[in-house]
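Engineer: Have a look; sequence and predicted model below, questions after that.
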Amino acid sequence: MKQGRLRVLLGAAPGVGKTYAMLEEGRRLRSLGKDVVVAVVETHGRAATKAMTAGFEIIPRTLVSHRGVQLEEMDLDAVIARAPEYALVDELAHTNAPGLAHEKRWRDVETLLDAGINVISTVNIQHIESLNDVVQAITGVPQRETIPDAVLREADQIEVVDLAPQALRDRLSEGVVYPEARIDAALSNYFRLGNLTALRELALLWLADEVDSSLQKYRTEHGIGQKWEARERVVVALTGGPEGETLLRRGSRIAARSAGGQLLAVHVTSQDGLRQANPGALAAQRSLVESLGGSFHQVVGSDIPVALVEFAKASNATQLVIGVSRRSRIAALVTGPGIGSTVIRESGDIDVHIVNHAAAGSRFSLPHPHGSLTLRRRVYGFLLAFVGGPLLTWLLASFRNDDSITSDVLSYQLLVVIVALVGGIWPALFAAILSGFTLDFFFVDPLYTVTVDEPLHLLALVLYVVIAVLVSIVVDQAARRSRAARRSAAESELIAGVAGEVLRGQDAFQAFVTRTREAFGLTGVRILIGDRVLATDGEPAGAGAGGDGPTTDGTTTDGATTDGAVDRVPINDQAVLELHGRALQSSDRRLLGVIVSQLASALEHADLQETAREMAPLAAADKVRSALLAAVGHDLRRPLAGATAAVTGLRTPGSTLTDADRDELLDTAETSLKQLTDLLTDLLDVSRVQAGVLAVTLQPVDLDDLVPTALEELGVGPETVDLDIPHDLPQLEADPGLLERVIVNVLSNALKYTPADHKVVIAASAFHDTVQVRVIDRGPGVPEDRREDIFVPFQRLGDTDNTAGLGLGLALSKGFIEGMNGTLEFEETPLGGSTMVITLKAVTA
């Protein structure tokens, strides 16, 4: 019998439309004349889904009695007996009721496939066995119904039914997914925007991995060795050197440019074991790879570039990142071009990126100023003159004849030019004079003497020396001007680079010290304000000597000599720029002056910003104080006036008050004084919250005990408030007195705005290590542009009467909750209204 085919519709969460899509596909197949039946479909009370089942032949379900409850399950035998071409089986991970042939529905599906029936089924990403713990970490909800990965991977076709997270939340808010009573709890727990985004990514990545495995299997079965660029795979070659971090971050950015890009780091160890990497550096780079979401690999090969390329090809890599060689130019001339050229030659269709890094030379160093060459360059020039002159003489003497004098002179002229380019004016002058004597001694008659028989030959020799000297001077001047131009460009780049980093929002002072150290080739640069280090880069001289630090003469305070000089340049009256390393030349001082002036401007700007930040709380306090005075003028006057009038009436001489009148005046005085006491208490609490001196005693609190007390204080009951508090809700970590006041404040606010035909709902739920208490009303809600204002003191959102209080309720509540390390947030109630969400830590065992 021909095996049936399995097609699975995979969803990121309930409500994305898997069952609807399955029924749509069933309708399409029926329109093509296929025999399609509904074996089992779970509509979950959704009208649109139920409507889609119309017109299908539905196999009646079998009834199973379990613990006195009648459960409906798919009738496997009836479906097999019907033998349709296609069967629609919803919820592949479903657990069957005890007593049926199989414990799991996916086992039933395997039986249908064996019977030659094609099956279309659905499953959510949270039910995949290998992802169960990941989903629980994201949502905080354990999944008991799972399906093995192997079963799902054996499906002939897997499709993702995708829906944007916000679109799913909108469907939920509209009552399309769950009934109204479950909407708030669902939105605040499992269907959080972050949860849905993570689940969606998980579903797409799982399917992408499945597609990748299928592609690799297909290529293997068909012997296809050519790279297929289905997605970016970036291989980064690590040597264990200091450049590894730069290469990894560059590779990570390349991989991130395409969806689903992968980062692989590889270290090739030579078989002879002669080239050993730094184990500590490799371990740090391995940790960095993992933090960037990549994987670390280590291979052994006798030919490092070949082994690297073979690994990249075996990994189906699209990009290969290597670093610029750390060898000097002379070493490269002696030992060959190095690994990079071999990798490029062998890489084939893999793109190779050769990345510059600090270990290949200073990231940014200024060229030497005109007027001086390094000692090394001058030494190289003299060595070239000493070695090149005798070698050239030997070569020319071997082919000497009567007509070769012209080529001999030009050959020595070329040597002088080369020496001038390498070592500058003095080695070139030395080469010119030396070559003049050599020409006279070896090539001008009489040979092997310094005398000249022909005056014309003497004139030619003198002219040669003069021309050689002039050429060396011209070449040296051109080289100097070229170096000066490069230095000017580098100085401009330095200033522009610092300005760019500051404009991009980076730390201005850190950018200054980093660029200054790199530009001047220093070991360390610091900005000091008194004894405080504002910014630092590199290692200050003497930092590791164990002393108290360096002094300006290059010694530490305990007498130890440092490796480099220390230069302290004043920036302003308080700040100092401290330079560690080589002594700066006069040409460097000019640029340093520009840097110091910019630093002074940056420090002044920072001081102004700090002053503005210090003034901000004073401005806010002044604003609160003004609002307080305005509110007190209105809200305290009424209870004061009421109490004063009542007491005056009682004390009026000769008044004929009845007992009822006297009781009424006393009640008025008592009510007014109580209102005054409450207002003053709230004002004092606001002051404590703003001053940060609120007394909070945290202890385990049972919400079941606290909420009834709050309801009793407000005098409300089941006719106006619905409670939805799970019996297994963990205790909260809170101050019971403060939390009760918060619930009273928030609940009284909700009762004030909820219409008479609706109830306020108090719902609670646990999420990870927190407990959320939600107070939900069906009032008019809060305009979006005013939602931040509801937690600001003295805000009544349009109330103009004096019975609304000072507007401190929510401001106090937020302060109390934050004092208990929690949060109080506003959310819009689906279908209209406001929801106040109190989040506090749960007490863990």
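Structural biologist: Nice, thanks for sending it over.

Engineer: Spatially nearest residue to E346 (excluding sequence neighbours)?
Structural biologist: Closest residue in space to E346, ignoring its immediate chain neighbours: V309 at 4.5 Å, by CB to CB, 6 or more residues apart in numbering. No exception for glycine: its C-beta is placed from N, CA and C like everyone else's.

Engineer: S31: neighbour count?
Structural biologist: Using other CB atoms under 10 Å, S31 has 9 neighbouring residues.

Engineer: quick one: contacts for it?
Structural biologist: Neighbouring residues of S31 by CB atoms under 8 Å, 6 or more residues apart in numbering: there are none.

Engineer: From T122, how far out is it?
Structural biologist: To T122, S31 is 21 Å away according to CB to CB, to the nearest Å.

Engineer: Identify the residue nearest G294 in space, chain neighbours excluded?
Structural biologist: L263 (3.2 Å).

Engineer: which phi and psi does the one you found have?
Structural biologist: Dihedral angles of L263 (phi, psi; degrees, to the nearest 10) stand at phi -120, psi 120.

Engineer: Report how many residues lie close to the residue nearest to L579 when sequence neighbours are not counted.
Structural biologist: Distances taken as CB to CB, 6+ apart place D567 nearest to L579, at 4.3 Å, with adjacent residues excluded. Applying other CB under 10 Å, we find 19 residues neighbouring D567.

Engineer: Then L447?
Structural biologist: L447: 11 surrounding residues under other CB under 10 Å.

Engineer: Which helix or which strand is home to the spatially closest residue to it that is not a sequence neighbour?
Structural biologist: The spatial neighbour of L447 that comes closest, neighbours along the chain excluded (CB to CB, 6+ apart), is F441 at 7.6 Å. For F441, the host element (DSSP states H and E) is helix 425-443.

Engineer: for I473, same thing?
Structural biologist: Judged by DSSP H and E, I473 forms part of helix 455-503.

Engineer: if you go through the stretch 501-650 of the chain in chain order, where are the helices?
Structural biologist: Under the criterion DSSP state H, counting those that start in this stretch, the stretch 501-650 of the chain contains helices at 508-520, 586-635, 637-651.

Engineer: Now tell me which of these the model trusts least on average.
Structural biologist: Confidence, taken as mean pLDDT, is least for helix 586-635 of the helices of the stretch 501-650 of the chain (a mean of 69).

Engineer: remind me which residues of the stretch 51-200 of the chain are low pLDDT?
Structural biologist: When residues are selected by pLDDT under 70, those of the stretch 51-200 of the chain lie in 181.

Engineer: how about 80 then?
Structural biologist: Regions of the stretch 51-200 of the chain meeting the criterion pLDDT under 80 cover residues 66-69, 140-143, 175, 178-189.

Engineer: before we move on, back to that, quick one: mean pLDDT for the helix holding I473?
Structural biologist: Mean predicted confidence for helix 455-503 is 67.

Engineer: try stretch 781-794
Structural biologist: 68.

Engineer: The residue nearest to the spatial centre of the chain: what's it in contact with?
Structural biologist: Taking CA atoms, centre = their mean, the centroid of the chain lies closest to L292, which sits 9.5 Å from it. Residues counted as contacts of L292 (CB under 8 Å, 6+ apart) are 248-249, 252, 263.

Engineer: Equivalent analysis for T122, please.
Structural biologist: Applying CB under 8 Å, 6+ apart to T122 gives the contacts 8-11, 18-19, 22, 90-92, 161.

Engineer: Can you list which of the residues you listed are found in strands?
Structural biologist: 8-11, 161 (DSSP state E).

Engineer: Selecting buried members of those in ChimeraX, what would you type?
Structural biologist: Selection of buried members from the ones in strands among the contacts of T122 for ChimeraX, criterion 16 or more other CB atoms under 10 Å:
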select :8,9,10,11,161
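
Engineer: between the ones in strands among the contacts of T122, which is nearest A208?
Structural biologist: For the ones in strands among the contacts of T122, the residue nearest A208 by CB to CB is L10; the value is 11.8 Å.

Engineer: what's around D303, how many residues?
Structural biologist: 15.

Engineer: Now it: phi and psi?
Structural biologist: When quoted as degrees, to the nearest 10, the phi and psi of D303 stand at phi -110, psi 100.

Engineer: Let me see the confidence value for it.
Structural biologist: On pLDDT, D303 comes in at 79.

Engineer: try the one 5 residues further on
Structural biologist: You'll see L308 listed with a pLDDT of 88.

Engineer: what's the spacing between the host helix or strand of it and its chain's center?
Structural biologist: For L308, the host element (DSSP H and E) is helix 304-314. Centroid separation for helix 304-314 versus its chain: 31 Å, with CA atoms, centre = their mean, to the nearest Å.

Engineer: got the buried residues for it?
Structural biologist: 304-305, 307-309, 311-313.

Engineer: Do a quick rundown of the strands in the stretch 651-800 of the chain.
Structural biologist: 699-701, 721-724, 732-734, 760-767, 770-776 (DSSP state E, counting those that start in this stretch).

Engineer: Deepest-packed of the ones you listed, please.
Structural biologist: Neighbour counts (mean count of other CB atoms under 10 Å) averaged over each of the strands of the stretch 651-800 of the chain peak at strand 732-734, with a mean of 26.

Engineer: Does anything pack onto that strand? Which helices or strands?
Structural biologist: Here strand 732-734 touches strand 699-701, strand 834-841, going by 3 or more CB pairs under 8 Å, 6 or more residues apart in numbering; DSSP states H and E.

Engineer: Go through these and pick out the most buried.
Structural biologist: It is strand 834-841: most buried of those by mean count of other CB under 10 Å, with a mean of 21.

Engineer: In its sheet, which strands sit next to that strand, and in what direction?
Structural biologist: When pairs are called by DSSP bridges, strand 834-841 turns out to pair with strand 770-776 (antiparallel), strand 823-828 (antiparallel).

Engineer: pLDDT at V773, what is it?
Structural biologist: 90.

Engineer: Let the chain start at 15 from now.
Structural biologist: Renumbered: residue one is now 15, and that last one reads V787.
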